[in-house]
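Novice: Just a sequence and a predicted model for now, questions to come.
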Amino acid sequence: MKLITAIIKPFKADDVKDALKSAGIQGMTVSEVKGFGRQGGHTETYRGSEYAIDFVPKMKVEIVVDDSAVDQVVEVISKSAATGKIGDGKIWVTDVSRLIRIRTGEEGSDAV
Amino acid sequence: MKLITAIIKPFKADDVKDALKSAGIQGMTVSEVKGFGRQGGHTETYRGSEYAIDFVPKMKVEIVVDDSAVDQVVEVISKSAATGKIGDGKIWVTDVSRLIRIRTGEEGSDAV
Amino acid sequence: MKLITAIIKPFKADDVKDALKSAGIQGMTVSEVKGFGRQGGHTETYRGSEYAIDFVPKMKVEIVVDDSAVDQVVEVISKSAATGKIGDGKIWVTDVSRLIRIRTGEEGSDAV
Amino acid sequence: MLSEATIESVQAILDNVWILIAAVLVIFMQAGFALVEAGLTRGKNVANIFMKNLMDFCAGTLLFFAVGYAIAFGGDMTGLGAYLGGDGWFLAGDGIFTYGTLDKFVFFTFQAAFAATAATIVSGAMAERTKFKSYLFFSAVISAVIYPIVVRWQWGGGWLFQLDTPFHDFAGSTIVHMTGGIAAAVGAAFLGPRIGRYGADGKPRAIPGHSVPFAILGSFILLVGWYGFNAGSWLGAGLEIGAIATNTSLAAAGGALAATITTWVRSGKPDVAMAGNGLLAGLVGVTAGAWVVNGLGAIIIGLVAGALVVYSVSFFDKVKIDDPVGAVSVHGVCGAFGTLAVGLFSSIESEGVVKKGLFYGGGTDQLISQIIGVVAVAAFVLVAASILFGVLKATVGLRVDQQEEIEGLDVHEHGFAGYSNAD
Amino acid sequence: MLSEATIESVQAILDNVWILIAAVLVIFMQAGFALVEAGLTRGKNVANIFMKNLMDFCAGTLLFFAVGYAIAFGGDMTGLGAYLGGDGWFLAGDGIFTYGTLDKFVFFTFQAAFAATAATIVSGAMAERTKFKSYLFFSAVISAVIYPIVVRWQWGGGWLFQLDTPFHDFAGSTIVHMTGGIAAAVGAAFLGPRIGRYGADGKPRAIPGHSVPFAILGSFILLVGWYGFNAGSWLGAGLEIGAIATNTSLAAAGGALAATITTWVRSGKPDVAMAGNGLLAGLVGVTAGAWVVNGLGAIIIGLVAGALVVYSVSFFDKVKIDDPVGAVSVHGVCGAFGTLAVGLFSSIESEGVVKKGLFYGGGTDQLISQIIGVVAVAAFVLVAASILFGVLKATVGLRVDQQEEIEGLDVHEHGFAGYSNAD
Amino acid sequence: MLSEATIESVQAILDNVWILIAAVLVIFMQAGFALVEAGLTRGKNVANIFMKNLMDFCAGTLLFFAVGYAIAFGGDMTGLGAYLGGDGWFLAGDGIFTYGTLDKFVFFTFQAAFAATAATIVSGAMAERTKFKSYLFFSAVISAVIYPIVVRWQWGGGWLFQLDTPFHDFAGSTIVHMTGGIAAAVGAAFLGPRIGRYGADGKPRAIPGHSVPFAILGSFILLVGWYGFNAGSWLGAGLEIGAIATNTSLAAAGGALAATITTWVRSGKPDVAMAGNGLLAGLVGVTAGAWVVNGLGAIIIGLVAGALVVYSVSFFDKVKIDDPVGAVSVHGVCGAFGTLAVGLFSSIESEGVVKKGLFYGGGTDQLISQIIGVVAVAAFVLVAASILFGVLKATVGLRVDQQEEIEGLDVHEHGFAGYSNAD
Ligand SMILES: Nc1ncnc2c1ncn2[C@@H]1O[C@H](COP(=O)(O)OP(=O)(O)O)[C@@H](O)[C@H]1O
Ligand SMILES: Nc1ncnc2c1ncn2[C@@H]1O[C@H](COP(=O)(O)OP(=O)(O)O)[C@@H](O)[C@H]1O
Ligand SMILES: Nc1ncnc2c1ncn2[C@@H]1O[C@H](COP(=O)(O)OP(=O)(O)O)[C@@H](O)[C@H]1O
C-alpha cells in the first residue's frame, strides 16, 4: 500500500475532493498547513512597521491506496489541483507497510 | 523504526492517549485533521441555503516506535479508539530510516 | 528521495526556517501540532477545578529532499532548533518513492 | 444660569438632554451594524468591514455637517424648496432651522447619526467584494446628498409632508431604512454575487458567516440603540416616549420570534442568524409607526416583518442578488412594509400629522399617502443609486479582482489580516 | 405642550425620561449575560447560547406584556391579591396600576427588562446540554408566571410588603437574582453535569470556557447596565440616585477585588473568570440595599460577596451541580446574602419602607423580615421550578442526546456552527 | 417630593440625572479600552489585559473614594492647598466639596470614572510583558495619588486654575489623557520592548494584534463613552452640551479620516488599526477645547491629531519605546497637542475661565497658560511615574521572565489561557 501526500492550494480543495470522489476514492484525510516555497509570501505593513509573511496557507491531503491505484490518484490530483501558477504544490508517495481499519480490524486493501 | 499514524475520533483522543501512556509509550504527536470517508458528513442550512459538510473532524496521532513495539501499539490504539460505529478511523504504518532527538543528538531507539 | 519530518518548539520555527533557507532549502511545509513527551505538560486551575494540559504546542516541519541532502538538512534543523532543554523535539526520516510538482508535472529531484 | 431658570427653560434643557442621549444611542448602532455584518461574513474580510463602518461614521458626520443638514433642513419649503434645501451649510448662522426647543447642535448630532445609519445599511449587502475606495466614495455621496434629499421630502417639510394627508414615517422605516435597503439592492446587483455563492447548477450555496456571536451581539446593540432611534424621534422629552419604547420592544420581540418559528418550520431547525435578522426586521417595521400604532399593532407588525424577512432573503437568493447580511430584506423590504402598515394600523388621528389607518376606521387616506411616499422614495433612490454605482463601476471599478476576493480584502485592501495568531 | 407645562409636569417627564433610559441600560444587560455565558462555555455551543438570550428577551417582553404585568401589579392587594395580581392584561385600560409619576408604558418597559433578566440567569447554569425547545418553554413560564408572582409579593404591594416591617429588596437581589439563581440550581440539578465534567474518580474536571474576553466584556456590560438596574429602581428622578450609583460602584469593585484575592490565595494565581464573577457577585449583593446602605456597607457587602462566590462555586462543584457560569453562586447565593445584609447594614429608617439594620442600632426587625422574604421566595421558586422542570423532563425531555452534546448544540439544535472558517 | 418641587430643584435633579448618565458612559469606556488593547495585542495575553482593565476600575473606584477625591477636591485652595487637597476622605461629611448643583455622590461617580480612565491608558503601553502584581500596584498609586494631584491643580481649584489666565482643559486632554500618556511612556521605557519587537538589525518588527474587530469595536465604544466624557464635563444640564457633542463628533471623524489618509499615502494602504487610533486621537485632541472651539476648530484639531498620531507611533517605534497600542501617541502626544490647541482655536471669552485663542484675536495669554499647564503636568507625571516604576523595578520587578512572555501571560499569571478550544 502507498500513502499519497499532496500539498495544494486551499481554494482548490473542493475540486480535488470532488475529482477524487468521482475517481472512486472513498476516503482521505486533509489538514491545514502552511507552505514555504518558490511562490514566496508577501510583506504586510502594520502600524507603520513591515513584517514578512513567508508562509502561505496550503491544504494537505493524505490518501492511503493500493499500489495499483497510485498512478491514477496522482494523475487525478495533479489535474484537479493545477492552476498553472507557481505554488500549485507537490505530491509525494511513501510506502505503507500496514493499514488497519479500527472499527473492524480489517487489514490491507480491505481496510481502505 | 516505524511511524504509526492513526486517524481517530476527536472525543476518543484522551482515551487513546491514556491507553498509550499505560502501555509505556513516552511520546506522541497529535494534530487536528478533517476526514472524508464512509461515515460521510452532513448538510447544514444557513439562512435558507443548504451546504454540505463532507469532512468530519478527526484527530491524527503519530508515534515513532521500535519495530518490536509496532504490533502492541497498533493493538492498543485499535482497542482504545474503537466505538464500533462507522468512522472510527484508520491506522497505518510506515518505515522510518532515521530518528534523532534534537536535544541530545541521540539516534534510533535511544531517541524514542 | 526522503521526507524529513521535524517536531520543534514553535518559537524556534523562524530560526529553523531561516537556517534552512540559508542552507539552500527552497521549500518546506509546516503545521501546528501538539506534542506529548518527556517534557510533560502542566496543570491549570479554572474556577477552582484543576485540569491537566498533557499536550504542549509544537511545530511540525516537513521537507522532501534528495537523499544526498538528508544529512545536511538534519544537521541544520538539529542545530537551529536546539535549546538544550527537554522538549526540543524529534526529527525522523522516511523514504519517498515519488515526488511530483503539480504545476509542471516534473518528477524527482526536479520537483523539489 | 439657575437664576433665570423658567419652567420652559428647564423643559427645553430636558428636551435637549434626552435627544442628545438618544443621539448617542443611535451612534452606538454603528458598532452594532459592524458586528452584524462581520458576524455574517468571513473572517478574511472582517477588518475591511469594521473599516467601512468606521468611515460611514466619519463621512456621515463631516459631510452631513458640511452639506447634508443644509439640503435636508435649510431654507424655505416652497417651490424647489419642497424637494431640496439649501441653507445652513456647515451649520453656520444661528438663524438656521432647528426643531422645537432643540439646540441646532443637538438636532444635528441626532440627524447626523441617522445619516451614518443610512450609509452603513448598504455596507452589509456589498460586503466581501467591494473595492474600499469605491465604497468610500459611495458612502460619502449617500450621506451628503441622496439621504438628505429624502429627508427633505418629509422631515424637512418638503412635498411628502405637504400632502393633504401627510406621508407619515415617524422614525424612518422608509426615509432611513428603505433608502439604505434600496441602495443596498442596487449595489449588490451591480456587484454580482460573491465567488462560490452559486453552484454550477445555479443553486445558491451558503457561505456561512464566521461568527454568530458577533452577529447576535450586534443585534442586541442595535436593539439598544433603536430605543434612541425611535423614542428619540419624538424630538423632545414627553410621556409619549413610553408607548414608543414599548412598541419598539414588542415589535422587536415579535420579529425575532416569528423568524425563529418560520425557519424552524421551514428547515426543521431554528436559525440563530435569522432570528437576529428577525429582531431587526421587527424594529425596522415598527419604526414608521412607533408612535401611532398600539401594542397589538406593534406585535402584528413585528410578527409579519419577522416572517417576511425569512422569505425575502430566500427570494433575493433566488434572483441572484447576493446580500450576505440580508440588508435588502431587513431594511428595504421590511422598511417598506412597516411604512405601509402605518396606513393600516395607525390608531391615532392628529391634525396635519397623521390619520387613523384602515383597520382603525380611518379609511384609505393615510394608506394612499404611505404608498405615494414609499414609491416616490424607492424610485428616487433606485435611480440615484443606479447612476452612482454605474459611474463608479465604469470608472474606479466596484469590485476587487478574483485573487483578492479569494484571499480576503483585509490583506489586499488594508495590508494585514483582521485576525492574527502571530507569536 | 410647553404652554401648559408646570413644575410637576416637567418633573414627571424627567422621571419618565430617566426611567426609560434606565430600562434601556437593563435591556443592554441581555448582551452582557449572553457574552458571559458564551465566554465561560465552549465554542461549539456559542450560537445556542446567544439564541437563548435572544429568546429570553422575546418571551420576557411579549409574555410580561400579555400576563406578567397583570400578575405582578394588577388589581387590589387584599386577600388573594396579596399573592397574585389579575388586572391589566396586555396593559389594556388606562386605570391599571403604574408607579408614581411613571407612564404605564415606561414602567412596563423597565419591569419587562427585569423579567427577561430573571429568565436569562437560568440559561447560564443549564448551558451546553439543554434542549432548546425545553429551555424556550421554561423561559416563557418563568417570565410569564413564576417571576411575576414573586414581584407581586413585594414590589406589587403583596404580603411581603405588607409585613409590619416590610421585606426590603430595593432593586431585586432576591426578587430578580435569587429567583433566577434558585431556578438555575434546580435546572442544573435536573439536567445533571455535562459529559466529562467529573472524572472517573468523581472529582470535578474543569471544562474551560472558550473566551475570557467575551466573559469579561460581558461583565463590563452588565456593570454598565446595573446602574440602570439599581439607580433606576428609585422609579423616578431624584438626588438619591447618586448614592445608589456610588454604592453600586463600590460593591462591584469590592466584589471583583475580593474574588481576585481569594483565588490568588487559594490557587496561587488571580483567576480572571472568577474576578468577573466577583464583580457580578458584588453587584448582586448590593442590589437589595443599594439605597439603604452607606459607602462602607456597600464595600463590605461587595467584599464578602466576592469571596463568597469563589467558595460557593467550589461547593456546587462538589455537590455535582454543574453550573458552567456560576449563576447559582452569583445570583442565588449572593442574592440571598445581599438581601439579608440589608438587615445588618441598613443605615436608613423610612416609615413603612425600611428600618435600620442590626449594625446601625435598628435591632433585628428588618433582619427578620429579610429572612422571611428570602426563605419564602426561595421555597416558592424551588417548588415551582421543580414542578416545571419535572414536567419538562417527563415529557419533552430536558437534555440533548450524548452525540449532540459531544458535537455541540449549534449544529444539532440550530443547523450550523457558531463559528465557521469556511472560505 | 413633588409637593415641594421648585424650578431650581427640578433643574438640579436634571443636572444630576444627566451627569450620572454621563458617568455611566465614561465607565463603559473601560470596556472600550480593554477591547482596543486586547485587539492590538496577541491572544496569549488577552485574559491578562481584560483583568488589568477590570482591576483599574476596582482600584479607581475604591481608592478614589478613599483618598483620591479628598486629594483632588478637598479642603481650601490656598497655600499647600493649591497643590494638594486633604478633606473628605471616604466622602465622609456632608460639608465636603461638590460642584454646583451636583450631589457629591453623582460628582464622585463621574470623577472616579475619570480616575480609572487615567490608569487604564497606561495598561496598553505596558501590555504583554508586565507582571500583574506590579501593574496592580502602579494602577493603585496613579488613581489614588498621581492623578488626583493633577486634578487638584486645575479642576480642584489649584494653582493652574489660579493663574491670571487660568489653564483651560475642559474635559481633560492633559489632566486625564496626557497624564496617562506620559505615565505610559515611562512605563514602556522602564520595561523595554517585547521580545521580537526589534530585529537583529535594530529595525522595528511588527507584532500584529490578534483581533482588529476587537480593536475597532473598542474604538466605537470609546467614541460612545466620550460623549459622556466631554458633554458630561459641563457638570450640569445645559444647552451647551449640544455644541460640545458636535465638536466631539467632528474631531473624532476628522481624526479617523486623517489617520486613514495618512497611512494610505505613506504605506499605500489604509490601515484599519491606525484609523481606530486616529478616531481616538481626534477625541483626545478635542477634549480640552470641546466647549471653547467651534466646528471648524474641532475639525482642524481632529485632522491634525489623526495625522500626528501616525507619525508619533513611528517615532516611538524608532526610539524603541514599545507601545503595543499607541497609548503614548494617542493620549500623550495628542493630549498635549489638543491642550495647546485651545490657545490657538478658543473662540470663547469667559471671565476667569478662558480667553480667546491666538487665531481668534485673543493674543497669546491663553496659549501661554496652556503651555505652562502642559509642561507642569508633564514634568510632574514624568518624575512621579519614574520614581514609582523605578521602585517597582528595583523591588517586585516590572517584567515577567522570558519563558512567560513567550508562552503568554494568561497561563503564567492567571492559570489558564484566554482562549480555549477544549472539548
Ligand atoms: N521540498 C519541499 N518539501 C515539502 N514541501 C514542499 C517542498 N517544496 C515545496 N513544498 C510545498 O509546496 C508548496 C508549493 O511549492 P512552491 O515552490 O511554492 O511552488 P511550486 O509547487 O509551483 O513549485 C509550498 O508552499 C510548500 O508547502
Ligand atoms: N484511504 C484513506 N486514506 C487516508 N485517510 C482515510 C482513508 N479512508 C479513511 N480515512 C480516514 O479515516 C476516517 C474514517 O474513515 P471512514 O471510512 O469514515 O470510516 P471507517 O474508519 O469506519 O472505515 C476518515 O474520516 C478519514 O479521515
Ligand atoms: N515517539 C514519538 N513519536 C512521535 N513524536 C514524538 C515521540 N516522542 C516525542 N515526540 C514529539 O517530540 C516532542 C518532544 O519530545 P519530549 O520527549 O517532550 O522531549 P525531547 O525531544 O527532549 O525528548 C513531543 O512533544 C512530541 O511532539
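Specialist: That came in fine, so what should we check first? Ligands and ions are numbered 1, 2, ... in the order given.
Novice: only C-alpha atoms for contact and neighbour calcs from this point on.
Specialist: OK.
Novice: where exactly do the strands run in chain A?
Specialist: A:2-8, A:28-36, A:42-46, A:49-53, A:56-65, A:90-95, A:98-101 (DSSP state E).
Novice: Tell me which of these lies nearest to residue D:257.
Specialist: strand A:28-36 (38.9 Å; C-alpha to C-alpha).
Novice: Show me the strands paired with that closest one, marking each as parallel or antiparallel.
Specialist: strand A:56-65 (antiparallel), strand B:28-36 (antiparallel), strand C:28-36 (antiparallel) (DSSP bridges).
Novice: Of all those, which one comes closest to residue D:233?
Specialist: Judging the strands paired with strand A:28-36 by C-alpha to C-alpha, what sits closest to residue D:233 is strand A:56-65, at 49.9 Å.
Novice: Output the closest one in CSV with nothing but the alpha carbons.
Specialist: Provided in CSV are the C-alpha atoms of strand A:56-65 (Å, rounded to 0.1, in the frame of the first residue of the first chain):
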residue,chain,number,x,y,z
VAL,A,56,1.3,30.8,2.6
PRO,A,57,-1.8,28.8,3.6
LYS,A,58,-1.9,25.4,1.9
MET,A,59,-4.1,22.3,2.3
LYS,A,60,-2.5,18.9,2.9
VAL,A,61,-4.3,15.8,1.5
GLU,A,62,-3.4,12.3,2.6
ILE,A,63,-4.7,9.2,0.9
VAL,A,64,-3.7,5.6,1.5
VAL,A,65,-4.3,3.4,-1.6
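Novice: Could you list the buried residues of the helix or strand encompassing residue D:251?
Specialist: Residue D:251 is part of helix D:240-267 when elements are defined by DSSP states H and E. The neighbour-count check on helix D:240-267 (16 or more other C-alpha atoms under 10 Å in any protein chain shown) flags D:240-263, D:267 as buried.
Novice: Specify the angle between it and strand B:49-53 in degrees.
Specialist: Between helix D:240-267 and strand B:49-53, the angle comes out at 60 degrees (axes from the mean of the first three to the mean of the last three C-alpha atoms, to 10 degrees).
Novice: can you give me the offset of helix D:240-267 from its chain's centre?
Specialist: The chain centre lies 17 Å from the centre of helix D:240-267; the measure is C-alpha atoms, centre = their mean, to the nearest Å.
Novice: Tell me the helices and strands packed up against that helix.
Specialist: helix D:212-231, helix D:272-287, helix D:295-318, helix E:7-39, helix E:46-63, helix E:104-125 (3 or more C-alpha pairs under 8 Å, 6 or more residues apart in numbering or on different chains; DSSP states H and E).
Novice: which of those helices sits most buried?
Specialist: helix D:272-287 (a mean of 34; mean count of other C-alpha atoms under 10 Å in any protein chain shown).
Novice: thinking in terms of the whole chain, how far from its middle is that one?
Specialist: 12 Å.
Novice: the inter-axis angle of it versus helix E:46-63?
Specialist: Here helix D:272-287 points in a direction 30 degrees away from that of helix E:46-63 (the same axes, to 10 degrees).
Novice: what residue ranges in the stretch 201-350 of chain D are flagged as low confidence?
Specialist: Filtered on pLDDT under 70, the stretch 201-350 of chain D yields no residues whatsoever.
Novice: Where does it get nearest to ligand 2, residue-wise?
Specialist: Closest residue of the stretch 201-350 of chain D to ligand 2, C-alpha to the nearest ligand atom: residue D:208 (22.3 Å).
Novice: thinking again about what came up before, include distance to chain C when you put the helices and strands packed on helix D:240-267 into a markdown table, please.
Specialist: Output for the helices and strands packed on helix D:240-267, formatted as a markdown table (distance: least, C-alpha to the nearest C-alpha, whole Å):
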| stretch | distance to chain C |
| --- | --- |
| helix D:212-231 | 23 |
| helix D:272-287 | 29 |
| helix D:295-318 | 36 |
| helix E:7-39 | 13 |
| helix E:46-63 | 19 |
| helix E:104-125 | 14 |
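Novice: wait, which of the ones you listed is closest to residue F:213?
Specialist: Short answer: helix D:212-231, nearest of these by C-alpha to C-alpha, at 9.5 Å.
Novice: So what's the gap between the closest one and the chain middle?
Specialist: With C-alpha atoms, centre = their mean, you get 12 Å for helix D:212-231.
Novice: and the gap between residue D:422 and residue E:19?
Specialist: 47 Å (C-alpha to C-alpha, to the nearest Å).
Novice: Residue A:2 too?
Specialist: Using C-alpha to C-alpha, residue A:2 is found at 73 Å from residue E:19.
Novice: Could you do residue D:104 as well?
Specialist: Note on residue D:104: its distance to residue E:19, by C-alpha to C-alpha, is 26 Å.
Novice: How about the closest residue to chain F within chain A, nearest residue that isn't a chain neighbour?
Specialist: Closest contact between chain A and chain F, by C-alpha to the nearest C-alpha, is at residue A:49 (5.2 Å). If you skip the residues right next to it in sequence, residue A:49 has residue F:206 as its closest partner in space, 5.2 Å away by C-alpha to C-alpha, 6 or more residues apart in numbering or on different chains.
Novice: That neighbour: what secondary structure?
Specialist: Following DSSP: H, G, I helix; E, B strand; the rest coil, residue F:206 is assigned to coil.
Novice: What are the buried residues along the helix or strand containing residue D:375?
Specialist: Element membership for residue D:375, per DSSP H and E: helix D:365-394. Buried residues in helix D:365-394, defined by neighbour count with 16+ other C-alpha under 10 Å: D:365-374, D:377-378, D:380-382, D:384-386, D:388-390, D:392.
Novice: average pLDDT for it?
Specialist: For helix D:365-394, mean pLDDT is 98.
Novice: Does at least one residue of whatever helix or strand comes next after that helix sit close to chain F?
Specialist: Counting by DSSP H and E, the next helix or strand C-terminal to helix D:365-394 is helix D:402-407. No - Helix D:402-407 lies apart from chain F when judged by C-alpha under 8 Å from any C-alpha of the partner chain; the minimum separation is 14.0 Å.
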